[in-house]
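Participant: Mind folding the following:
(one chain, ligands or ions: 1)
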Amino acid sequence: MKVKIVTLLIIGFLNALLFQEITLASEKNKNQELIRRGEYLVSYGGCNDCHTPKLSTPKGPEPDPNKLLSGHPSTAILPEIPPGIIGPEKWGALTNNDLTLWVGPWGVSFAANLTPDKRTGLGSWTEEMFIKTMRTGKHLGVGREILPPMPWFSLAALTDKDLKAIFAYLKSIKPIENAVPQPIPPQKQ
Ligand code: HEC
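Facilitator: Predicted coordinates for the structure are as follows:
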């Protein structure tokens with residue numbers, strides 16, 4: 001009788017262990033799936049076009065795989081902006097060789113660091129903050145308006161699940177320390 005109970009207890013314990021292993025493995029798989037979906041959406045959404053510094057190639061600028069999504073390089077110099085170049089009958093916008101800096105009627109905007117670096121990237125953002133920012137077009141959902149040409153309104157059209165996938169992917173990439181400058185208002189251009 002005693003032996004039977006002990007055997008049952010052992011089987012029960014092993015079963016519980018196995019169940020825990022399976023649950024952990026399926027959680028991991030689910031997260032991997034979410035990250036893969038996020039990578040797919042980031043690629044299709046063209047985030048690299050503006051958020052990744054470029055390598056200059058004979059075919060034109062291409063994203064630098066070592067600086068993936070790290071934003072406008074803090075060490076880059078701001079080329080001189082010819083006065084009076086932007087206007088209704090003039091040019092609509094200017095950009096730099098990295099396509100990470102944009103000049104327009106809104107002033108100068110610099111593409112943000114989207115890597116999980118804690119101080120200079122999205123490392124301290126929560127999933128909720130990311131979703132709120134994309135839904136409202138305001139920094140963290142409550143701060144200043146996000147400037148062009150960031151297409152936040154295109155991201156606002158996505159489901160929560162897809163925004164979570166994008167955020168999971170951004171959290172999974174290599175953190176890169178790069179403090180992107182604050183935007184410059186139009187009058188100081
Ligand atoms: C056409 C250029 C462009 C594209 C494409 C683009 N962004 Fe941006 N993004 C910017 C610029 C410029 C800023 C900085 C705007 C500002 O300072 O207000 C920015 C800012 C952000 C921010 C920071 C917002 C904040 O409140 O600090 C996040 C997050 C972001 N982009 C995510 C993305 C994601 C994800 C994609 C791809 C789906 C993407 N961006 C595509 C140009 C772009």
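
Participant: I'd like the distance between Ile86 and the ligand.
Facilitator: 15 Å (C-beta to the nearest ligand atom, to the nearest Å). In this view, the C-beta of every residue, glycine as well, is placed from N, C-alpha and C.

Participant: Report the secondary structure state of Pro83.
Facilitator: Assigned state for Pro83: coil (three-state reduction, DSSP: H, G, I helix; E, B strand; the rest coil).

Participant: show me where this protein has helices.
Facilitator: Assigned by DSSP state H, the chain shows helices spanning 2-44, 47-51, 127-136, 152-156, 160-172.

Participant: So which of those is nearest the ligand?
Facilitator: Closest of the helices of the chain to the ligand is helix 47-51, at 2.9 Å (criterion: C-beta to the nearest ligand atom).

Participant: need the residues of the protein near the ligand, please.
Facilitator: When proximity is defined by C-beta under 6 Å from any ligand atom, the chain lies next to the ligand at 42, 45-47, 49-51, 102, 109, 111-112, 114, 133, 139, 146-147, 149-151, 155, 166, 183.

Participant: Please spell out the PyMOL selection for the buried subset of the residues you listed.
Facilitator: Command for PyMOL that selects the buried part of those, burial taken from 16 or more other C-beta atoms under 10 Å:
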select buried, resi 42+45+47+50+51+102+109+111+112+114+133+146+147+150+155+166
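
Participant: For Trp125, report the pLDDT, please.
Facilitator: pLDDT, Trp125: 98.

Participant: Chain neighbours aside, what residue packs nearest to Pro105?
Facilitator: Ile86 (5.9 Å; C-beta to C-beta, 6 or more residues apart in numbering).

Participant: follow-up on the earlier one: of the helices of the chain, which approaches Asn178 most closely?
Facilitator: Proximity to Asn178 (C-beta to C-beta) singles out helix 47-51 among these, at 10.8 Å.

Participant: mean confidence score for that closest one?
Facilitator: Across helix 47-51, pLDDT averages out at 98.

Participant: What are the contacting residues of that helix?
Facilitator: Residues outside helix 47-51 that contact it (C-beta atoms under 8 Å, 6 or more residues apart in numbering): 42, 63, 68-71, 99-100, 102, 111-114, 149-150.

Participant: please redo it, this time with the cut-off set to 6 Å
Facilitator: Here helix 47-51 makes contact (C-beta atoms under 6 Å, 6 or more residues apart in numbering) with 63, 69, 71, 99, 111, 114.

Participant: Kindly report the same for stretch 99-113.
Facilitator: Contacts of stretch 99-113 (C-beta under 6 Å, 6+ apart): 50-51, 70-72, 81, 86, 93-95, 120-121, 147-149, 178, 180-181, 183-186.
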